[in-house]
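# this one's structure only:
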Ligand code: F6P
């Protein structure tokens, strides 16, 4: 009996999603399965908006950015529908069976792993692939999308160097990564940034300014500051940590809601932090400072060869796992191979840059300031 599988992409888009859809789809078809796509993440599953992923649909998409299926950040259990937020889990279960699915492949980041676990707990055969430019999914060596974004952000830093140098300016470049510093750290090292600020290492603006003034005195009156969007000053990090602890300790529904709101408020206040940092540095160093926010350019466009390879590797391994009946797992990258990791071990966790990660040591060895 041939198997029917569904595929969806969920969360922010990234390069390599189509390569993964193609990898799963072509390998599954080779194993005699039929493949159906759902549009716009879990929303397409709720609204039963499908697209048959036949051979023609899977052809010519390897190098294409974004996702041919569309994506959304909708969650099965908290979905805005007609002005209300509903728990759409039962509708998803119903549509899964209506489409005679034997398995559902969810391609996404940290949030998707949680949503997939929720659906697994409803009895669906779910299997996931880890994607995101942030590289913050737990239990996998790496996520696809990261390498492409790393290349884009590094090239941006290269370009900012010549303009910063010519104008004797500080350029503060904001790099994505959500609450993790992988992208800023990687691109900062590869692009030779003078200062790299990541969420894992709270910074002290005085100490950054001191380093920049010192560079200036030694004949280098320009500096590149690569700042992760989630980087926090030492003072802000204390406030955020306190709010996180409150959230972890909250027991009642009301306490949990309050703690969540105050954490969200802190993060909302954090918006615009890169501009504030630039102003502070200008004030403390007497050098002109400019901000560049790289933004969505980091997520767009054709995937790098490394991401195409990774997405194809994970996608084809996913089809093999479905073929042998292994579900409830994320297909993680491990060395040159793959590993099926139970969703319970992935969901709700975030892979942060460890304090003594080799990249951190290397950055310090070449004299880069990490702002601490
Ligand atoms: O997770 C990928 C990411 O691009 C993060 O780096 C960034 O914080 C976030 O998504 C932006 O999300 P949105 O697409 O909702 O604006």
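Looks like it arrived, so ask away. These numbers come from a predicted model, not from an experiment.

# What sits closest to the residue in the stretch 51-200 of the chain positioned nearest to the ligand if chain neighbours are left out?
Of all residues in the stretch 51-200 of the chain, residue 176 sits closest to the ligand, with a separation of 3.3 Å (C-beta to the nearest ligand atom). In this view, the C-beta of every residue, glycine as well, is placed from N, C-alpha and C. If the residues on either side of it in the chain are set aside, residue 176 comes closest to residue 298, at 5.2 Å by C-beta to C-beta, 6 or more residues apart in numbering.

# I'd assumed residue 133 was in contact with that neighbour.
Yes: taking contacts as C-beta atoms under 8 Å, residue 298 lies within contact range of residue 133: 5.9 Å.

# what residues are shared contacts of these two?
Common neighbours of residue 298 and residue 133 are listed as 149, 176, 183 (criterion: C-beta atoms under 8 Å, 6 or more residues apart in numbering).

# Now the last one. Nearest residue, chain neighbours left out?
Yep, that's residue 183 we're talking about. For residue 183, the nearest residue in space outside its immediate sequence neighbours is residue 177; the separation is 4.2 Å by C-beta to C-beta, 6+ apart.

# burial measure for that neighbour, as a count.
Applying other C-beta atoms under 10 Å, we find 29 other residues in the vicinity of residue 177.

# three-state assignment of it?
On the three-state scheme (DSSP: H, G, I helix; E, B strand; the rest coil), residue 177 is labelled coil.

# measure it to residue 129 for me?
With distances taken as C-beta to C-beta, to the nearest Å, residue 177 is found 20 Å from residue 129.

# got it, and residue 356?
In this view, residue 356 and residue 129 are 29 Å apart by C-beta to C-beta.

# So if I had to pick from these two, which one is more boxed in?
Remark: of residue 356 and residue 129, residue 129 carries more neighbours, 33 against 7, as counted by other C-beta under 10 Å.

# so what's that one up against?
When contacts are counted by C-beta under 8 Å, 6+ apart, residue 129 touches 20, 24, 105-108, 144, 311, 314-315, 318, 330-331.

# again with residue 113
Residue 113 makes contact with 128, 130, 137, 330, 343, 346-348 under the criterion C-beta under 8 Å, 6+ apart.

# Closest one to residue 246 out of the shared contacts of residue 298 and residue 133, please.
residue 176 (27.2 Å; C-beta to C-beta).

# Am I right that that closest one is in contact with residue 294?
Yes: taking contacts as C-beta under 8 Å, residue 176 lies within contact range of residue 294: 6.9 Å.

# Any stretches of the stretch 101-250 of the chain with poor pLDDT?
Residues of the stretch 101-250 of the chain that meet the criterion pLDDT under 70 are absent altogether.

# need the residues of it near the ligand, please.
When proximity is defined as C-beta under 6 Å from any ligand atom, the stretch 101-250 of the chain approaches the ligand at 109, 132-134, 176-178, 229.

# now, which of the contacts of residue 129 lie within helices?
Secondary structure assignment (DSSP state H) places 20, 24, 311, 314-315, 318 from the contacts of residue 129 within helices.

# The closest residue to the ligand within the stretch 201-350 of the chain: neighbouring residues, count only.
Ranking the residues of the stretch 201-350 of the chain by distance to the ligand (C-beta to the nearest ligand atom) places residue 299 first, at 5.4 Å. The number of residues packed near residue 299 is 20, by other C-beta under 10 Å.

# I'd say it and residue 11 touch.
No: the criterion here is C-beta under 8 Å, and residue 299 misses it with residue 11 at 10.9 Å.

# Could I get the full set of strands for the protein?
Taking DSSP state E to define them, one finds strands in the chain at 4-9, 34-38, 50-52, 79-81, 84-86, 103-108, 126-130, 170-175, 195-197, 223-228, 289-293, 329-334, 337-342.

# partners of the third one in the sheet?
Taking DSSP bridges as the criterion, strand 50-52 forms sheet pairs with strand 34-38 (antiparallel).

# hmm, who's touching the partner strand?
Outside strand 34-38, the residues that reach it (C-beta under 8 Å, 6+ apart) are 2-8, 21, 24-25, 28-29, 44-45, 49-54, 57-58, 68-69, 99, 101.

# mind listing what's buried in the biggest helix by length in the chain?
Longest among the helix segments of the chain by residue count, using DSSP H, is helix 146-167. Buried residues in helix 146-167, defined by neighbour count with 16 or more other C-beta atoms under 10 Å: 146-154, 156-157, 160-161, 164.

# Any regions of the stretch 251-372 of the chain where pLDDT drops low?
In the stretch 251-372 of the chain, no residues with pLDDT under 70.

# Show me what from it comes close to the ligand.
Taking C-beta under 6 Å from any ligand atom, the part of the stretch 251-372 of the chain that reaches the ligand is made up of residue 299.

# Run through the helices of the stretch 251-372 of the chain in chain order.
253-270, 273-285, 305-324, 358-365 (DSSP state H, counting those that start in this stretch).

# among those helices, which is the most enclosed?
Comparing the helices of the stretch 251-372 of the chain on average neighbours per residue, with mean count of other C-beta atoms under 10 Å, the densest one is helix 305-324 at a mean of 21.

# re earlier: now the contacts of residue 113 as TSV including neighbour count and distance to residue 236?
Formatted as TSV, these follow (neighbours: other C-beta atoms under 10 Å; distance: C-beta to C-beta, whole Å):
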residue	neighbour count	distance to residue 236
128	30	33
130	32	29
137	27	25
330	30	32
343	25	33
346	24	28
347	21	28
348	13	24
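
# one step back: dump the buried residues of helix 146-167 into TSV; add distance to residue 264 as well.
Putting these into TSV (distance: C-beta to C-beta, whole Å) gives the following:
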residue	distance to residue 264
146	26
147	31
148	30
149	25
150	29
151	32
152	29
153	27
154	32
156	29
157	31
160	32
161	36
164	35
